[in-house]
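A.B. asks: Requesting a structural model of the entry that follows:
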Amino acid sequence: MPTVSDFIIDRVQEWGVSRVFGYPGDGIGEFDGALGRAEKAGEGLEYIRPTHEELCSLMATAHAKFTGEVGVCIATSSPGAFHLMNGLYDAQMDNQPVVAIVGQQGLASAGTATLQENNLERVFADVAAYVQTVTTPQQAQVVVDTAFRTAIARRQPTVIVLPHDVQALDAEAPQPEHWVSRSSAKPASIEITPPADEIARMAKIINEGERVTFFVGAGAQGATAEVLEAARLAGAGIITALRGKDVISSDVAHHTQQLGLLGSLPSLHQMQRCDTLVMLGTNYPYGEFMPETGQARAVQVDLRPEHLGTRYPTELNLWGDVASTLRAVIPQLTEKTDLSWQEKVAEEMVGWEREMQAQAMVDYSDGVNPRRVFYELNERLPHGAIVTADAGTSADWYGHHIRLREGMRGDLSGRLATMMAAMPYALAAKFAYSDRTVVCTIGDGAFQMLGMNELITIKKYMQQWQSPQLIIVVLHNDDLAQVSWEMRTEDANPLWEGSQNVESVDYAGWAELVGFQGIRVKSDDEAATAMEAALAHRGVTLIDAYVSKNVPPLPPHITAEFAKNTGMALLKGDPSAVNVIRDSAEALATQTAERVKGALHIGDR
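C.D. replies: Numbers count the residues shown, from 1 in each chain. Next comes the predicted model:
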């Protein structure tokens, strides 16, 4: 007789799930047993078990991002369930469909404060769009279906709580009885097109604009062709938010990459000069980089209605998915004949790329230039490569130097901005696309958090991959560098070694100990050969790049507050003040020289 657990496993598969990320424990033990039986019968789910529950939820979120499918994570009761929270918040804040299945102590223990019994519905109430405990066999169907349907429709995490005794009860099909719901394993459509009059208003606003900018976020995934066609007709420049980086190929000349501290100067200029702003699937939070109030007419399209009109005073807010909305508006767009705005945007981007290359070639006396590492990686990325980054300075260099061409993917934790996501994201990408090259770029602080142990997970599963090639680039500077710079530039505080120092570890040696190729990069000239060796190796490579911690992640425009706070921090006794001043001076000199060359068209063909 099949159990409730057997039924749930079958139902999860009906929802199109073939892979789950889990960690066992007694609270979920009966369900784990059913997973084992299903695997033995050849009817089970692929079960990936990393070294910690937090990795399970981060990998489930990344799986949703890279595949468009629902990510599923599984953990035991309170201790395991609590560890899922960070990854579920990642899913919530980055609008990803994830279903968590968590164990619970037996029903009779509810509210008794017995060992590992907690009010999990209350615990998950803030992070989950739907959280429900299964209390009877007939209820299991509707709880599972509602969890999946809600996750997909609302682009949010949901939670199914399974008490240990319920897991083992005999399954019962829901009957046409009072209080019993019978449900279907079918999603609600999210191909939402706004009303015709709103589509017409959107087209009119775009047609009347002379300097139109499309600001494209991760919510535009799957709408690349529509965005490009609409931008062609409107003569628009394109900016992508950091998580929308791979929506538009870097080969598109009028795509100026990102905006803000890790963005480009052409993107900033677009925002400062556009008269029409079209926000497509983005909830970009940094208002200081957006146009001045009243400067631009603005339209926003988003599948999450609560995101509409919250970042800029928009004239028109359309609740819909980007692809369907643009397909409706494109026939009403008038093709621009004056493309001077778009051409100017593309011209500025040429100068910016020249500046980024020059910054990557600056030699620093206190370590390898981290920009050089990313530049050499970008020059050699193969077709279809997938790149992940953490939320430290690797995110800056990822934004400034990684150019994702058509067919490539890239992602990181967005609004949650967790440092720990780079490695679980890379593993989830590799499980989803095992034939493709995956590159994880990660700081040494983040690598010590959730990276080092995951080399064990890689070793455990790599034989299942079509191609075992996985490259991990560790920025080894013995410092939580992003936070160190934030202390200086945001709060005018000097670096505090007590909080910022990272204990130095031979990361390449650790990789070699596990059985992988380790490469140490201790000079700028070694960066290119290291990337070539890694890409030539049919296996796992860890590049241990001994980079300078003092290279400034310069924004495209340095504000007076940025400069003042940094200066005050250095005057307060920053222990790295001498190197920071020297490295910043070199970076600023390069920036200035390249912008002067650009203004005079020196070096142009």
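A.B. asks: Specify the local secondary structure of residue 213.
C.D. replies: Three-state call for residue 213 (DSSP: H, G, I helix; E, B strand; the rest coil): strand.
A.B. asks: Please list all residues in contact with it.
C.D. replies: For residue 213, the contact set (Cβ atoms under 8 Å, 6 or more residues apart in numbering) comprises 236-239, 270-271, 274, 276-278, 296. (Each C-beta comes from the backbone N, C-alpha and C, glycine too.)
A.B. asks: 10 Å instead, please
C.D. replies: Taking Cβ atoms under 10 Å, 6 or more residues apart in numbering, we find residue 213 in contact with 231, 234, 236-239, 254, 256, 259, 267, 270-271, 273-279, 291, 296, 298, 341-342, 345.
A.B. asks: Next: residue 418.
C.D. replies: 54, 58, 86-87, 89-90, 93, 390-391, 412, 424, 446, 449-450.
A.B. asks: hang on, the earlier thing: sort out for me which of the contacts of residue 213 are in helices.
C.D. replies: Cross-referencing these with the helices (criterion: DSSP state H) gives 231, 234, 267, 270-271, 273, 341-342, 345 as the overlap.
A.B. asks: Rebuild those as a markdown table, extending it with distance to residue 169.
C.D. replies: Written out in a markdown table, the entries for the ones in helices among the contacts of residue 213 read as follows (distance: Cβ to Cβ, whole Å):
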| residue | distance to residue 169 |
| --- | --- |
| 231 | 56 |
| 234 | 59 |
| 267 | 57 |
| 270 | 59 |
| 271 | 58 |
| 273 | 65 |
| 341 | 65 |
| 342 | 63 |
| 345 | 62 |
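A.B. asks: Please report the distance of the residue positioned nearest the centre of the chain from residue 390.
C.D. replies: In the chain, the centroid-proximal residue (Cα atoms, centre = their mean) is residue 412; its distance is 2.6 Å. As defined by Cβ to Cβ, to the nearest Å, residue 412 lies at a distance of 7 Å from residue 390.
A.B. asks: Give the residues shared as contacts by those two.
C.D. replies: Between them, residue 412 and residue 390 share the neighbouring residues 398, 418-419, 421-422, 425, 441, with contact defined by Cβ under 10 Å, 6+ apart.
A.B. asks: who wins for most neighbours among those?
C.D. replies: In terms of neighbours by other Cβ atoms under 10 Å, these top out with residue 422 at 36 neighbours.
A.B. asks: contacting residues around it?
C.D. replies: Contact analysis of residue 422 by Cβ under 10 Å, 6+ apart lists 58, 62, 387-392, 394-395, 398, 411-413, 439-443, 446-447, 449-451, 454, 472-473.
A.B. asks: Out of those residues, which end up buried?
C.D. replies: By the neighbour-count criterion of 16 or more other Cβ atoms under 10 Å, those include these buried positions: 58, 62, 387-392, 394-395, 398, 411-413, 439-443, 446-447, 449-451, 454, 472-473.
A.B. asks: List the contacts of residue 385.
C.D. replies: Applying Cβ under 10 Å, 6+ apart, we find residue 385 in contact with 377-378, 402, 404-405, 407-410, 429, 436-439, 469, 471, 535.
A.B. asks: run the last query once more with 7 Å
C.D. replies: The neighbourhood of residue 385, defined by Cβ atoms under 7 Å, 6 or more residues apart in numbering, consists of 408, 436-437, 439.
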